[in-house]
Each structure stands twice: as C-alpha cells, then as structure tokens.
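Q: attaching a predicted model along with its sequence, questions to come.
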Amino acid sequence: MKPTIYDVAKEANVSIATVSKVINNTGRISEKTKNNILEIMEKLEYQPSSLAVALTGKRTFTIGVLVPDIANPFFAEVARALENNARENGYTIILCSTDYQLEREHDYLELLLKKQVDGIIIATEPKDLKKFKNLQNRNIPFIMFSFDHLALNSHVVTTDDVRGGYLAGCYLLEKGHRKIAVITETQRSSGQLRLEGFKQALVNEGINFENVLVIDSKSIIEEAKKAAQQILELENKPTAVFASTDLIAVIFINEARKANISIPDDISIIGFDNTIHAEIADPGLTTIAQPISDLARYAIEQLMQSIEQPGLSSHRIMLAPTLVERDSVRELNK
C-alpha cells in the first residue's frame, strides 16, 4: 500500500503539520527533526502529492507541453529538446499529444490545470481560443511554440517559415526546376507561411504560381501517402516537389520507390525541418533546417521568466532556418 503523510508522521513521532512544513520547507524546525523526517520519507519511499504541494501555493516544478502529433518526428525531437532544457532548470514535463482533435485539446488542458503545472508550452494551433484565453484570465504562464496567433497575448518562439519556404523555392530554381508541385499543411499557419515564401521565390523569377500544383495534407502518414500518390499518378509529372515537412517528404520518397520512380533522377524533392528522418532517408533528404535545440532553449528560458516574473511583457523570438543539402534534388542545368 502506498505510504501517506500519516505514515511518515507516525514513524517520526511528530505531527502531520511538522511533516508538511518539511515537505514545503516552511516554519522553524530543528535540523535534527528535519533530517529524521527526510530519512523516514526516503525509507518509506514516500512521494508528496504534486497537487497537495500546489495547494500550499508552492510550485510543482512541472511544465505542460501540448503538441499536435508526437508521431511527427519534428515534434518528437522538440519534446526531447524541451525535456532536456526543463531538467536543467529543475523541471519535469507532462507531454500531451492532441492528434489534431478538439476533444483531446480540451481534455489535456483540463488535465494540466488539475495537475497545477507552473506553465504550458503550446505547440498545437488552438481549435478553441476560449480555452486558451482562459489561461490568460487565470494568469497561467504559457508560450506559443512554432506558431503565432494575434488573438493571444503571449511569448512566441518560432522559426521564420516564410524565409524557409523562400529558401526551398530558390534552391529548386537554382537547380533548374520550373515544373514544381507542393504538398503542405494548409490548415496550419506554418504550412501557409512556408507556401507563401515558396510562392514568392517563384514569382520573383517570373513563374506563374497558378500553374503550380498545391496539395493539402496533414503531416500524418495516411494523408501524406495519398498526396504522394496523387502526384506520382500524374501523366505529366513535375520535376520537383516541395514538401512542407520532412515526414511528408520521406513518405513521398517511399511511395515513389514503390512506383519504380527514382528520386532524384525522375523527381526531386526537398523537405522542411531537418529531423533524423531527413538524415537516414535514402537518398538523403535535402531540407530546410529548423534550429530545434535553440527553439527549445529559448522556449524554456521565456517560460521560466514568465513564471519568475508574472506580468512580464511578452516577447516574440523568430529564428532563421538554413538549407541542408543532401542528395534528393537533381541538377537540371547541366
């Protein structure tokens, strides 16, 4: 049976109030009594309830992290980087994956509030703004990660998606590609912004963007497969594809292999994120790299400041993406 605070008090021959003072580091207690209680807690393997600690007004040293899909390698790597940075600051994280579902979004926000987390990092675009505005009304610190929303007044840590899309477009054009298709997440602001930057690169070269095939797909396996097949089944195929995430790009490579279409000899592809999938893909995926480690570090730093200094003016941090060249894009100019 799990030990309780009553068991600790009985073993130490002190009151429950004394044990509570030791747990919360309050009141005047002799070092001898304090050390004795701590030893008994360790011997009994007693762990104070985080909720009980929160009710005393103390911090729980936990952070909630809300992501849209932990199966997406970008968010998996983000979660790991956030956890590493949180641990360095003495915090643990509670990771919640909404799977793009409104019900899960509501359930996880309620869970995090019940757990009395000290702050929340939101990497999923809100489907219900009222729930997120409720965080502001309750003065719960939160950071928006990898997206921005004008209706929410919060710290923002993100990548310059427009710049990233522009880099991808310029690179394909430099390699001689003019007939290009795009697969992007039009329901996410990041996908829209990457498309905007990509479009600008083509327009600058006098290319009519209305002739570019744009396919909407979430960054999930089944949707990405359908998007890939839609392009691969075309009679007059593009010479190159811009995929707004590495996951979509790697699935495209796999579907092309099944259809006996060579990457990059028949079709070139460029991705976005520079996750581990890009490195281990065959051929290696040329992609636009997000600085995941720096994004995570800044997000934790901003959240720590919000926790330490409630009411601190919000900041918007936007980091620049870079091009990582591998072997998935063919040179057509030769």
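A: That came in fine, so what should we check first? Numbers count the residues shown, from 1 in each chain.
Q: only C-alpha atoms for contact and neighbour calcs from this point on.
A: OK.
Q: contacting residues around residue 103?
A: Listed by C-alpha atoms under 8 Å, 6 or more residues apart in numbering, the contact set of residue 103 is empty.
Q: that should have said residue 90, apologies.
A: residue 61.
Q: try the one 4 residues further on
A: Each residue near residue 94 by C-alpha under 8 Å, 6+ apart is listed here: 62, 63, 64, 65, 112.
Q: using the three-state scheme, assign residue 112.
A: Following DSSP: H, G, I helix; E, B strand; the rest coil, the label given to residue 112 is helix.
Q: just checking, it touches residue 65?
A: No. In this structure residue 112 lies outside contact range of residue 65 using C-alpha atoms under 8 Å: 9.1 Å.
Q: the two: which has the busier surroundings?
A: Ranked by neighbour count (other C-alpha atoms under 10 Å), residue 112 and residue 65 place residue 65 first, with 25 against 21.
Q: following element in sequence after the helix or strand harbouring the more buried one, please.
A: Residue 65 belongs to strand 62-67 when assigned by DSSP states H and E. Next helix or strand after strand 62-67 toward the C-terminus (DSSP H and E): helix 73-88.
Q: what comes up buried for the helix or strand that that next one is followed by?
A: Using DSSP H and E, the helix or strand that follows helix 73-88 in sequence is strand 92-97. The neighbour-count criterion (16 or more other C-alpha atoms under 10 Å) identifies 92, 93, 94, 95, 96, 97 as the buried residues of strand 92-97.
Q: C-alpha coordinates for strand 92-97, CSV please?
A: Listed next in CSV are the C-alpha coordinates belonging to strand 92-97 (Å, rounded to 0.1, in the frame of the first residue of the first chain):
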residue,chain,number,x,y,z
THR,A,92,9.8,17.9,-15.5
ILE,A,93,7.3,18.0,-18.4
ILE,A,94,3.9,16.4,-18.9
LEU,A,95,3.6,15.7,-22.7
CYS,A,96,0.2,15.8,-24.3
SER,A,97,-0.4,14.9,-28.0
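Q: that one: partners in the sheet, and parallel or antiparallel?
A: Using DSSP bridges, the strands paired with strand 92-97 are strand 62-67 (parallel).
Q: the partner strand versus helix 73-88: what angle between them?
A: Going by axes from the mean of the first three to the mean of the last three C-alpha atoms, to 10 degrees, strand 62-67 is angled at 170 degrees with respect to helix 73-88.
Q: for strand 62-67, the distance to its chain's centre please.
A: Centroid separation for strand 62-67 versus its chain: 10 Å, with C-alpha atoms, centre = their mean, to the nearest Å.
Q: can you tell me what sits against it?
A: 75, 79, 91-98, 108, 112, 117-124.
Q: what of stretch 283-290?
A: 159, 164, 167-168, 246, 249-250, 263, 269-275, 278-279, 320-329.
Q: distance between the ends of that stretch?
A: In stretch 283-290, first residue to last residue: 20 Å (C-alpha to C-alpha, to the nearest Å).
Q: element containing the residue nearest to residue 237 when sequence neighbours are not counted, please.
A: Among residues not flanking residue 237 along the chain, residue 231 sits closest, at 6.8 Å (C-alpha to C-alpha, 6 or more residues apart in numbering). Under the criterion of DSSP H and E, residue 231 resides in helix 221-232.
Q: buried residues, that helix. List them.
A: 221, 224, 225, 226, 227, 228, 231, 232.
Q: residue 212 contacts residue 178, correct?
A: No. Taking C-alpha under 8 Å as the definition, residue 212 is not a contact partner of residue 178, at 9.3 Å.
Q: now the helices for the stretch 51-200 of the chain?
A: In the stretch 51-200 of the chain, the segments counted as helices under DSSP state H, counting those that start in this stretch are 73-88, 102-114, 129-137, 161-174, 189-204.
Q: which one of these lies nearest to residue 144?
A: helix 129-137 (10.6 Å; C-alpha to C-alpha).
Q: can you pull the buried residues of the closest one?
A: By neighbour count on 16+ other C-alpha under 10 Å, the buried set for helix 129-137 is 132, 135.
Q: can you give the contact residues for that helix?
A: Under C-alpha under 8 Å, 6+ apart, the answer for helix 129-137 is 106, 109, 126, 141, 142, 151, 152.
Q: do the same with stretch 241-249
A: 72-73, 165, 168-169, 180-185, 191, 194-195, 219-221, 224-225, 267-275, 277-278, 285, 287.
Q: among those residues, which ones are buried?
A: Looks like the contacts of stretch 241-249 have 72-73, 165, 168-169, 180-185, 191, 194-195, 219, 221, 224-225, 267-275, 277-278, 285, 287 buried, using 16+ other C-alpha under 10 Å.
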